[in-house]
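Trainee: Just need the structure, nothing else, for what follows:
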Amino acid sequence: MHFFHGLIPVLLAAGCASVVPGTAARLQALDPLSVDPAALEVAVQLPAGMNVLPGTAVITITASHGADRLAEELQLAPRSAAGVAMPEGGRVAAFGLGPAEVARMRELQAQVAQWKAGGAAEASFGIGLGGCKLGGGPAPDAEGAILIRLEGAGEFVPLIQPTQVAALVGETALAAMPPCEVRQ
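Mentor: The predicted structure is shown next:
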């Protein structure tokens, strides 16, 4: 039972050949009950012409135990991106759980631990971010990267190496990306 099992296959299925193998292995080996929600942070290195659409950064948690199921989406709040390299001409956006979401994730961890004590339980964890265009949007060959921090005093480690944005999100999604000035 590992939170990140759901994340890695999604990234790989999306064509993210740039998933860093060492980070992926570390994420898959994590016990979801030992992850400190207060320390969990995600940083996105964005190219010029692109930003994260406000209000779209979320963590999705799903779990099952027999017929019992849970699925919850927790809102991520902007955080300092100190220690993350700024891409030339671009920006960095970092996110983590706020106090209420940390408390809720701990409740979910306790519920999954209870399920695990009663037998097999499955859990998965995913991160979602919506993008928006600044001006004319990113250049066709623009690159982005995703980093993750799992320990409060730890460093951000690369989850997805710098990869063309079109390969990360898909040509159709990139073309349909809304302007940052318009909230959906």
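
Trainee: Flag every buried residue along the helix ranked longest in the chain.
Mentor: If you go by DSSP state H, the chain has its longest helix at helix 99-117. Buried residues in helix 99-117, counted by 16 or more other C-beta atoms under 10 Å: 101-102, 104-105, 108-109, 111-112, 115-116. Glycine gets a C-beta too; all of them are placed from N, C-alpha and C.

Trainee: Mind giving me the packing neighbours of whichever helix or strand comes after that helix?
Mentor: For helix 99-117, the following helix or strand on the C-terminal side (DSSP states H and E) is strand 122-128. Applying 3 or more C-beta pairs under 8 Å, 6 or more residues apart in numbering; DSSP states H and E, we find strand 122-128 packed against helix 7-13, strand 58-65.

Trainee: The same query, at a cut-off of 6 Å, please.
Mentor: Judged by 3 or more C-beta pairs under 6 Å, 6 or more residues apart in numbering; DSSP states H and E, strand 122-128 is in contact with strand 58-65.

Trainee: next SSE after the strand it packs on?
Mentor: strand 68-79.

Trainee: Mind giving me the packing neighbours of that next one?
Mentor: With contacts taken as 3+ C-beta pairs under 6 Å, 6+ apart, strand 68-79 sits against strand 58-65, strand 91-97.

Trainee: pLDDT of that strand, averaged?
Mentor: Averaging pLDDT along strand 68-79 gives 93.

Trainee: Most widely separated two among the buried residues of helix 99-117?
Mentor: Within the buried residues of helix 99-117, Glu101 and Lys116 form the most distant pair, 22.0 Å apart (C-beta to C-beta).

Trainee: Pretty sure Glu122 sits against His65.
Mentor: No - the criterion here is C-beta atoms under 6 Å, and Glu122 misses it with His65 at 7.7 Å.

Trainee: thinking again about what came up before, between the longest helix of the chain and strand 91-97, how big is the angle?
Mentor: With axes from the mean of the first three to the mean of the last three C-alpha atoms, to 10 degrees as the basis, helix 99-117 and strand 91-97 are set at 60 degrees to each other.

Trainee: Tell me how many other residues crowd Ala121.
Mentor: 19 (other C-beta atoms under 10 Å).

Trainee: and if you look at Ala57?
Mentor: Ala57 has 22 neighbours, counted by other C-beta under 10 Å.

Trainee: Identify the residue spatially nearest to it, adjacent ones excluded.
Mentor: Leu76 (3.8 Å; C-beta to C-beta, 6 or more residues apart in numbering).
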